[in-house]
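Participant: Please work out how this folds:
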Amino acid sequence: MPSKKGAEANAKISQTFDNYKQKTLAASDLGNRYEELSQGVNPLTKANLSLSDDKYTEFLEISNQLAGLFPTLVSGYDSQGNALLTLGNGAQSATDQLNSLLEMQRQMAHVEISNNLQTSFDGATAQVEKLTKQISDLQSSKAETDETANSFANTTLNNKILSGLEKGSITLDSAETDDVETYESKIVKTLIAHAMAPNLTQNDDGTINIAFDSVGNDESLADVRTELTALFSQEAEDSKARSNDYDHQIAVAKKMQIADTWANMTGPISNYLQTAGSFTNLSETLQGALLSNLGNLDIGSLTEKIQW
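Facilitator: So this is what the prediction gives:
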């Protein structure tokens, strides 16, 4: 989702465009009919001259609808409260006059949309930056998890650690693995479970020595070796599973969340284009082709600020 400011900007853009589109469609439907019916009324007073009752009622209804859309056209109201319009009274036809008003509406809508579009883009950019940070954190966590999986799957390292069982002393070296604490926890708990009283010493070289009583405990030592081997293997599998989960979360953030954030920009950009003079001057076929392919635009590749 876009930021709060971005969402507010998108809502304003949508409202501005919807209002403009409503007026455009209404004017297109009503303008020609108004001009046709106005031939049968007084151009100044709008009194009925030659229309049937039904057509005059239609004329008044269209007048009131146009008055609601374009209040500047209203010159007054008759005794029944119907709007009297200054439409088609001068040199311009009603259709041409409405087109001129629509052009003004288009320009006003385009300016208002332009004013909000940068905020919309900034909101989308901020959301993408937030998701990019989230992806970076996930990738860091995945890298750490992969290291753990590799350590506990390292047979050579595990055999070296377990070789200390027969000596009554196991040494853990942080230079060999970043998972010293995890190894320590599993080894100490297992030794305690077999009543071997482990004693930990932190050495000056950074290694940790785990001494324990192994005298006369050959059978227990074999059990400890078996259990630790199983624990190491399980830790490797669990770490791989966590790594796969991180892969999934990263994929979701990249392919869905970021894609959805940029997809939210296609609406505001479409509205911006449809109120641009250069766009409206294109053929309807070309306009349709551009709008239908807008969703394929890689908006995320626009890394620099765009001044709309």
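Participant: Can you show me the strands along the protein?
Facilitator: 74-77, 83-85, 169-172, 199-202, 208-211 (DSSP state E).
Participant: would CSV of those with mean neighbour count, mean pLDDT and distance to residue 158 be doable?
Facilitator: Just so you know, the C-beta spots here come from the backbone N, C-alpha and C atoms, and that holds for glycine as well. Below are the strands of the chain laid out as CSV (neighbours: other CB atoms under 10 Å; pLDDT from 0 to 100; distance: least, CB to CB, whole Å):
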stretch, mean neighbour count, mean pLDDT, distance to residue 158
strand 74-77, 14, 92, 88
strand 83-85, 20, 92, 89
strand 169-172, 19, 92, 11
strand 199-202, 12, 92, 19
strand 208-211, 18, 94, 15
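Participant: Turn these into a markdown table, including distance to residue 229.
Facilitator: Formatted as a markdown table, the strands of the chain follow (distance: least, CB to CB, whole Å):
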| stretch | distance to residue 229 |
| --- | --- |
| strand 74-77 | 90 |
| strand 83-85 | 90 |
| strand 169-172 | 14 |
| strand 199-202 | 21 |
| strand 208-211 | 17 |
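Participant: Looking at the ones you listed, spot the one closest to residue 63.
Facilitator: strand 83-85 (5.1 Å; CB to CB).
Participant: just how off-centre is that closest one within its chain?
Facilitator: Offset of strand 83-85 from its chain centre (CA atoms, centre = their mean, to the nearest Å): 47 Å.
Participant: which neighbours does it have in its sheet, and in what orientation?
Facilitator: Here strand 83-85 is paired, per DSSP bridges, with strand 74-77 (antiparallel).
Participant: Can you list the neighbours in contact with the strand it pairs with?
Facilitator: 67, 83-86 (CB atoms under 8 Å, 6 or more residues apart in numbering).
Participant: low pLDDT regions in this structure?
Facilitator: In the predicted model of the chain, residues 1-2, 90-91, 215-216, 295-308 satisfy pLDDT under 70.
Participant: longest helix anywhere in it?
Facilitator: helix 94-152 (DSSP state H).
Participant: Who are the packing partners of it?
Facilitator: Identification of packing neighbours for helix 94-152 by 3 or more CB pairs under 8 Å, 6 or more residues apart in numbering; DSSP states H and E yields helix 4-37, helix 218-252, helix 258-263, helix 266-274, helix 277-280.
Participant: The ones you listed: which one's closest to residue 122?
Facilitator: Using CB to CB, the helices and strands packed on helix 94-152 put helix 4-37 closest to residue 122, at 6.7 Å.
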